[in-house]
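Peer 1: structure of the sequence below:
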Amino acid sequence: MLNELKKFASELYIKILILVVILVSIAVSIVSIKSFSESRSVDDTNYLQGKAAIHLTKERYKNSKGILTTDKLNEVLKYYKSTPSSDRAFVKTDIKYPGIIYLMNEAYLFGDTKKTDSFYKLNNMNDFYNRNIKLITEKLNDSENTYEPWEKNIIFEKAKTIDKPFIIDFSDQWVQVYPSLTICFTLIAISAIVIGSRLFSYEKDKNMDVLLVSLGDRPLRNIGTDKIKALLTFLTVEFLVNVIIISIVIFSNTGLSAWNSQIQIEVFTSIYHLTFGKAYLLSVFTGWISIIAIGTFVAALNAFNQKSYITLVIGFLVTFIPIIFVRMNMFPVIITKFFKLQPINGFFVRKNLQSLQIFKFLSFHTLTITAIIINSIIILGICIFIASRLFSTRIKNT
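Peer 2: Below is the predicted model:
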């Protein structure tokens, strides 16, 4: 395996890819930290940025931190209504009760801050923990050709059983880390396609395939197996380095607060029963399994056609086309759902956590992230099984 690993790892373009992935990991992490901003006071138009903003925001969370009861929500509503101007009231409340006013906005205004005057008409927020059902109902009614009829009851069942009450804590870092992961996972997937597209045609490109032809079926399969092991090892190490860099840079500056808080305090209508800590670990695992599934698929394709350039083109098309087709939303629901569970969609962390989609595998139902993981494992298993066999057969016939 080490010999096969050295073959592609020693190539200049691979070294450049590794360097790019590392530099981008550092860059997106730093950008995430610098993107934090916080106003010093209601009347101060100058905003603190980066670490200073993080420190100030975390200090202010002392008023919000803890279990979010309806009494607490009504207290915040009362404070909001004590200021006649809705714009000023929103800023004041966000400073005194950070995080909570955002949730109120999501629950009652669905992100439309232009309607903040509506808060003055509310007597209380006793129905806060039932608002997700109302908003999900609106989402489903507004989404044509997106959900199958049988999905809706399951969606409501999952929404009704979300853990309550919510635990409020500083959680902005989790929102900021998602785009960083998406960008870097996509870059690693590109490197997986590039490496996979030459994995089994390396000897042919170097005019060394004549030596392999003389070998028997078993030795060729062993070589093929070593190639797959080398690919999986390389991608896993590259992935871990990427995740470690992002995690260290971001969380060393923000901390891991809200690890045990429900993701609903940032993604209010999510139907996932997850805390931020679990969601992060699940998203990292999804990214990893999706990347190696993409890499092994392209490698198996290369084992079949033994042509690097054609494999590269087809690999990119097959990998990235599902993103385009999902966004076009012009296919029947079952076709669109098929594209949604492809590995490339495992990189869009926040989008997956917001997804209400339900997938059916045999006799059980799963949410989007689980469906992507299952599909990636199926692709990975099939491609690992056939790649060495294809290599053994095709190397003799091309």
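
Peer 1: what residues are up against residue 307?
Peer 2: residue 201 (C-beta atoms under 8 Å, 6 or more residues apart in numbering). Backbone N, C-alpha and C define where each C-beta goes, glycine included.

Peer 1: phi, psi for it please.
Peer 2: phi -130, psi 110 (degrees, to the nearest 10).

Peer 1: please report how far it lies from residue 12.
Peer 2: Per C-beta to C-beta, to the nearest Å, residue 307 is found 21 Å from residue 12.

Peer 1: before we move on, what about residue 382?
Peer 2: Applying C-beta to C-beta to residue 382 and residue 12 gives a distance of 32 Å.

Peer 1: check residue 365 too.
Peer 2: For residue 365 relative to residue 12 (C-beta to C-beta), the value is 48 Å.

Peer 1: residue 382 and residue 12: which is more packed in?
Peer 2: residue 382 (14 against 7; other C-beta atoms under 10 Å).

Peer 1: mind checking which helix or strand the residue nearest to residue 347 when sequence neighbours are not counted is in?
Peer 2: Spatial nearest neighbour of residue 347, excluding adjacent residues (C-beta to C-beta, 6 or more residues apart in numbering): residue 185 at 4.1 Å. Residue 185 belongs to helix 172-199 when assigned by DSSP states H and E.

Peer 1: any weak-confidence spans in the stretch 201-350 of the chain?
Peer 2: Residues of the stretch 201-350 of the chain meeting the criterion pLDDT under 70: 202-217.

Peer 1: go again with 90.
Peer 2: 201-227, 303-308, 325-337 (pLDDT under 90).

Peer 1: quick one: the helices in it, in order.
Peer 2: Secondary structure of the stretch 201-350 of the chain (DSSP state H, counting those that start in this stretch): helices at 202-205, 209-213, 217-254, 276-305, 308-328, 333-340, 349-354.

Peer 1: closest one to residue 5 among these?
Peer 2: helix 217-254 (4.0 Å; C-beta to C-beta).

Peer 1: one step back: the residue nearest to residue 347 and residue 286 touch, don't they?
Peer 2: No. With contact defined as C-beta atoms under 8 Å, residue 185 and residue 286 do not form a contacting pair (9.0 Å).

Peer 1: intersection of neighbour lists for those two?
Peer 2: Shared contacts of residue 185 and residue 286, counting by C-beta under 8 Å, 6+ apart, come down to residue 346.

Peer 1: pLDDT weak spots in the stretch 1-150 of the chain?
Peer 2: 1-18, 37-48, 63, 82-91, 102, 105-106, 108-123, 137-150.

Peer 1: how about 70 then?
Peer 2: Ranges of the stretch 1-150 of the chain meeting pLDDT under 70: 110-117, 144-145.
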